[in-house]
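In: Generate a structure from the sequence data that follows.
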Amino acid sequence: MIYKVYYQEKAHEIPVRENTKSLYLEAASEREVRQKLQDRHYNIEFIQLLEGNYLEYEQASPNFVLEEI
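Out: Below you'll find the predicted structure:
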């Protein structure tokens, strides 16, 4: 399954919407996504499962790059 993760790079700062970034990650569950990103010390705001039409839409975007962790 592919997940889209919305995050802030610095976990100790207050989240600001304009600084929110996203990445795409393949994992079996949301828990596995969090485990894979644990060493990066991100402030994870939201993890969204991508499937169906929404996955196709995201894959068509030039910003779609699947992280290799």
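In: Identify the neighbouring strands of the least confident helix or strand in the chain by mean pLDDT in the sheet and state each direction.
Out: For the chain, using mean pLDDT, DSSP states H and E, the weakest element among its helices and strands is strand 66-67, scoring a mean of 90. Paired strands of strand 66-67, with direction, are strand 21-26 (parallel) (DSSP bridges).
In: The strand it pairs with - what's its average pLDDT?
Out: Mean per-residue pLDDT for strand 21-26: 95.
In: The closest residue to residue 44 other than its chain neighbours: what's it in contact with?
Out: In space, and not counting its chain neighbours, residue 44 is closest to residue 7: 4.9 Å by Cβ to Cβ, 6 or more residues apart in numbering. C-beta coordinates here come from the backbone N, C-alpha and C atoms, glycine included. Counting by Cβ atoms under 8 Å, 6 or more residues apart in numbering, residue 7 touches 20-23, 37, 42-45.
In: For residue 7, which three-state class applies?
Out: strand (DSSP: H, G, I helix; E, B strand; the rest coil).
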